[in-house]
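*Asks:* Any chance you can model this:
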Amino acid sequence: MLNKLHELEFNFRLQITAVIAAAALVTPMFTNIRIYQYFGVTELSAIKYLYASIGFFCFAAFIIRAWGAAYLSSFVVMAKDANQDKLIVAGPFKFVRNPLYFGDILGAGAISLALPPEGFLIMIGPLTLHSFMLALYEEKNMITKYGGDYHEFLSNTNRLIPSVKPYKHSKYDEFINKYTPDWPDAIMSNIYFAGIGGAFIAAAFAGYSAQSLERLAYIYSIVVLSVWSIFYMIYYHPKYFMKNVNKNDKNEENEENEENDNL
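*Replies:* Presented below is the predicted three-dimensional model:
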């Protein structure tokens, strides 16, 4: 029963993440208190600096997610089930086992600093727990699929907290030949985080009060997400999906033919 629930959580991870984010982002409608006030940030200049800082952290989240997604591809990132077709030990994976989840937590944590205390707790707590559970599910599948090679990776990298010193897998040189990073796809599939970062920075420059900063950040972010969704989710993403589905089907067919030849 628990395994089935864990599988369902992974299969609907994108929807769950969206629900958590939406629940946190609507909290400003119900209170005028913001979490940053508890840290003594009350002057307009300080709030502007905070918003600019949130923007830069969102840019950092974008870079981390895009760096990891270049090796995974959006086909794997967005697929309903766990279908990672190779053990990745390069790029940001040398520093942390799950760079994309770390990027989510970093970006969401930054955004939550502009929310009420309730929104801050909703964004930080459930999202971090959700990411942790997803990482556990992936690890269970990867151990089954890659055995000792993944055990080595598991033993030398942290799950969600990056290490300062990169780890080089004993088969790094062998694995690296299988990687073909797809940077255009990685950038396009994660640029929404950069857009949100730009929205906060633009709001920091254009806002003339705490209320206007918040209002502008929401407006700019909605515009960015709308444009990204229309361009990526409707046009680019399904097209990329079909290309990879056909490619994977062809690879499976070739592997099956090789096995039959060996017999």
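
*Asks:* contacts and neighbour counts: CA atoms only from here.
*Replies:* OK.

*Asks:* May I see the buried residues of whatever helix or strand Glu118 lives in?
*Replies:* Counting by DSSP states H and E, the element that carries Glu118 is helix 117-146. Burial within helix 117-146, assessed by neighbour count using 16 or more other Cα atoms under 10 Å, is assigned to 117-124, 127-128, 130-132, 134-135, 137-139, 142.

*Asks:* May I see the buried residues of the helix or strand following it?
*Replies:* Downstream of helix 117-146, the next assigned helix or strand under DSSP H and E is helix 148-156. Across helix 148-156, burial judged by 16+ other Cα under 10 Å covers Tyr150, Phe153, Leu154, Asn156.

*Asks:* Closest one of the residues you listed to Tyr49?
*Replies:* Asn156 (37.5 Å; Cα to Cα).

*Asks:* which ones are touching the closest one?
*Replies:* Going by Cα atoms under 8 Å, 6 or more residues apart in numbering, Asn156 touches Tyr167.

*Asks:* Look at it and report its pLDDT.
*Replies:* According to the prediction, Asn156 has pLDDT 96.

*Asks:* For Met133, see how far away the nearest residue to Tyr137 once chain neighbours are set aside is.
*Replies:* Once flanking residues are discounted, Tyr137 sits nearest to His6: 6.9 Å by Cα to Cα, 6 or more residues apart in numbering. His6 is 8 Å from Met133, where distance means Cα to Cα, to the nearest Å.

*Asks:* where are the low-confidence patches of the stretch 101-250 of the chain?
*Replies:* 235-250 (pLDDT under 70).

*Asks:* What segments of it are helices?
*Replies:* Listed in chain order, the helices of the stretch 101-250 of the chain (DSSP state H, counting those that start in this stretch) span 117-146, 148-156, 172-176, 183-206, 210-228, 237-262.

*Asks:* would you turn those into JSON lines with distance to Ser73?
*Replies:* Output for the helices of the stretch 101-250 of the chain, formatted as JSON lines (distance: least, Cα to Cα, whole Å):
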{"stretch": "helix 117-146", "distance to Ser73": "16"}
{"stretch": "helix 148-156", "distance to Ser73": "20"}
{"stretch": "helix 172-176", "distance to Ser73": "15"}
{"stretch": "helix 183-206", "distance to Ser73": "6"}
{"stretch": "helix 210-228", "distance to Ser73": "17"}
{"stretch": "helix 237-262", "distance to Ser73": "9"}
